[in-house]
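> following is a predicted model, sequence given first.
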Amino acid sequence: MASQPNRVIQDGDKQAMLCGVCEDRFSPNETIFANKVYHPYHSDNLQVVEYEQWLNYFITSVSWRNLYLDIIEFVRDQNINIIDLDTLIEAEKIMREFLLGERKDLGHIENHIFFFGPIEEASGDTSEFDLHTAIGGSVVGYTYISHDPDSSYVFLNLQGILIVTILKKAVEEVWENTLVEEKGFFNMGEPNHTVSSPVFNELFAVAKDLRESREKISESQKEKIVEAIRKNPERFVKSKAYQRFKDDARIRKK
């Protein structure tokens, strides 16, 4: 985790918030997503994603959990204005009712999915953020509020699978071939995503946080990492992490 760069953990932050009935309600769609999207994507075997309502349900369940916990935190810390808070509370209610089967759709709320791929070139300071390493090597999710333009989202990165739930859409946002509907497909062989949204500024925020955290890694932890590579250099060279390092180095040289 960026907040604790010297602590090795196997999984992310956990908070108990669901009863057994709701865990059972969410679990089947999580399994389908893992088997049809997450694992094939990370083993480079994902060609076409054919989906039905399970994808919308899965994304909503993950985004709702982040949103619910963030609302509690915003209220506790008193760092949100009443208009933004009303927007989040309204969205949380709609998403909760959808998940419980009390409504058939999400109204104005939209779920989008975007698959992060190798960047061909980057300009200015963007090449210094190591986006391949940051996005491809992290799992993070939270509620993001933009005031210029006025909009709000739940943003989730699953190691390069970017999921966005739009709670309040900006006037001039562009999302092409990313919207998750009742059923459809995404063709990975012909990626044609087009996105222009303030939420994607968060890619750089994530990259910046992880870069700063790497600078805080202790010497002893660095030695452990180097020693692990020395023990099995061939495994490291074939790893996704090494490929991400190379992609970032390629961008910096251009």
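All right, it came through fine.
> do I have it right that Asp70 meets Ile145?
No - at 9.6 Å, Asp70 does not count as touching Ile145 under the criterion of Cβ atoms under 8 Å. All C-beta spots, glycine's among them, are computed from the backbone N, C-alpha and C.
> which SS class is Ile113?
With DSSP: H, G, I helix; E, B strand; the rest coil as the basis, Ile113 sits in strand.
> near it, how many residues? Count them for me, please.
Ile113 is flanked by 20 other residues according to other Cβ atoms under 10 Å.
> report the separation between it and Glu212.
Separation of Ile113 from Glu212 (Cβ to Cβ, to the nearest Å): 28 Å.
> swap in Leu85?
Distance, Leu85 to Glu212, using Cβ to Cβ: 29 Å.
> looking at those two, which is more packed in?
Using other Cβ under 10 Å, the more surrounded residue of Leu85 and Glu212 is Leu85, with 14 against 11.
> that's a strand at Asn157, yeah?
Yes - assignment of Asn157 by three-state DSSP places it within a strand.
> got the contact list for the closest residue to it other than its chain neighbours?
The shortest distance from Asn157 to any non-neighbouring residue, by Cβ to Cβ, 6 or more residues apart in numbering, is to Val140 (5.2 Å). With contact set as Cβ atoms under 8 Å, 6 or more residues apart in numbering, Val140 has these partners: Leu156, Asn157, Val206.
> among these, who's most crowded?
Neighbour counts for the contacts of Val140 (other Cβ under 10 Å) peak at Asn157, which has 23 neighbours.
> and that residue, bridged to which residues?
Beta-bridge pairing of Asn157 under DSSP bridges involves Val140, Leu162.
> so it is in contact with Gly136, correct?
No - the criterion here is Cβ under 8 Å, and Asn157 misses it with Gly136 at 9.2 Å.
> overlap of the contact sets of those two?
In contact with both Asn157 and Gly136: Phe116, using Cβ under 8 Å, 6+ apart.
> thinking again about what came up before, from Trp175, how far out is the residue nearest to Asn157?
Val140 is 20 Å from Trp175, by Cβ to Cβ.
> excluding its backbone neighbours, what's nearest Phe204?
Per Cβ to Cβ, 6+ apart, closest to Phe204 is Phe129, 5.7 Å.
> now do Asp84
What sits nearest to Asp84 in space, not counting adjacent residues and going by Cβ to Cβ, 6+ apart, is Ile145, at 5.4 Å.
> what pairs with the one you found across the strands?
With DSSP bridges as the rule, Ile145 is bridged to Ser152.
> please tell me the pLDDT value assigned to the residue nearest to Phe204.
What the model reports as pLDDT for Phe129 is 73.
> and if you look at the one 5 residues further on?
With respect to pLDDT, Ala134 scores 83.
> for stretch 230-240, what is the average pLDDT?
On average, the pLDDT along stretch 230-240 is 87.
> show me the contact partners of that stretch.
Applying Cβ under 8 Å, 6+ apart, the set of residues contacting stretch 230-240 from outside is His42, Gly136, Gly137, Ala228, Ile229, Tyr242.
> top of those residues by number of neighbours, please.
Counting neighbours by other Cβ under 10 Å, Gly136 leads those with 22 neighbours.
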